[in-house]
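In: Turn this into a model:
(4 chains)
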Number of protein chains: 2
Amino acid sequence: MGRKIEIKKIEDIIKRQVTFSKRRSSLLKKAKEIAISCDVDVLLVAFSPANRLSKFCSQNRIEDILQRYIELPIERKLTYVN
Amino acid sequence: MGRKIEIKKIEDIIKRQVTFSKRRSSLLKKAKEIAISCDVDVLLVAFSPANRLSKFCSQNRIEDILQRYIELPIERKLTYVN
DNA sequence: AGGTCTATATATAAGGG
DNA sequence: TCCCTTATATATAGACC
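Out: Next comes the predicted model:
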């Protein structure tokens, strides 16, 4: 997107914040779109290094989604995708 | 993207699943990119209507991020963006 | 469910206000 | 920080395998 960049930590704090602001809104939009189009509940949380809750999104209340997650059997929780 | 569409629930289940699969991988990629570029921890959870945990992503363990969320004071949790 | 292709829509880096 | 512009990179709908 735009000029080609390598995905790595942006060291300049100003540029990093600008990029975060832009990408956050796009990510949020995409999360909303998939939630609506595909009829799924989506939760999105971002924590800054200072442990500040930057943003989240869900169709319903975040606590309901968290509760559903917490109640899942462990073997279904552990499908990591990192 | 591709042919223009309106964002609403895709009624055809086959098309809905195909779209979910495509958009899920893109969303996951974007979440990973913002996590790296902007040095934030990101959590992404999607629940299907059948309450199945479809996917999630985080830099660290999801439980650590959830725990941080749970420990936040309530007034900081309630910055809804829906 | 996964993979490929193509045309088109969207996202976004860089820069300026 | 937010709002624009422009050039370019990426995402994706539809079709097919």
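In: can you give me the helices in chain A?
Out: Along chain A, counting by DSSP state H, helices occupy A:13-38, A:62-71, A:74-77.
In: Most tightly packed of those?
Out: When you average the neighbours per residue for each of these (mean count of other Cβ atoms under 10 Å in any protein chain shown), helix A:13-38 leads with a mean of 17. Using the backbone N, CA and C atoms, a C-beta is placed for each residue, glycine as well.
In: how about that helix, does it get close to DNA strand C?
Out: Yes: looking at helix A:13-38 against DNA strand C by Cβ under 7 Å from any atom of the strand, the contacts come from A:15, A:19, A:22, A:23, A:25, A:26, A:27, A:29, A:30.
In: wait, isn't the last one in contact with residue B:27?
Out: In other words, residue A:30. Yes: counting by Cβ atoms under 8 Å, residue B:27 is a contact partner of residue A:30 at 5.2 Å.
In: coming back round to it: of all the helices of chain A, which lies closest to residue A:47?
Out: helix A:13-38 (11.8 Å; Cβ to Cβ).
In: now the angle between helix B:13-37 and the closest one, please.
Out: 170 degrees (axes from the mean of the first three to the mean of the last three Cα atoms, to 10 degrees).
In: wait, does helix A:13-38 contact chain B?
Out: Yes: using Cβ under 8 Å from any Cβ of the partner chain, helix A:13-38 reaches chain B at A:16-17, A:19-20, A:23-24, A:26-28, A:30-38.
In: middle-most residue in chain A, spatially?
Out: With distances taken as Cα atoms, centre = their mean, residue A:44 lies nearest the centre of chain A, 3.6 Å away.
In: That one pairs with what?
Out: Counting by DSSP bridges, residue A:44 forms beta bridges with residue A:57, residue B:44.
In: now it: how far from residue A:71?
Out: Using Cβ to Cβ, to the nearest Å, one obtains 20 Å as the distance from residue A:44 to residue A:71.
In: ok, now residue A:53?
Out: Distance from residue A:53 to residue A:71, by Cβ to Cβ: 23 Å.
In: if we can go back for a sec, keep only the residues of helix A:13-38 next to DNA strand C that also lie close to DNA strand D.
Out: Checking these against DNA strand D (Cβ under 7 Å from any atom of the strand), the matches are residue A:30.
In: out of the residues of helix A:13-38 next to DNA strand C, who's nearest DNA strand D?
Out: Set against DNA strand D, the nearest of the residues of helix A:13-38 next to DNA strand C by Cβ to the nearest atom of the strand is residue A:30 (5.3 Å).
In: Pull the contacting residues for the closest one.
Out: Residues in contact with residue A:30 (Cβ atoms under 8 Å, 6 or more residues apart in numbering or on different chains) are B:23, B:26, B:27, B:30.
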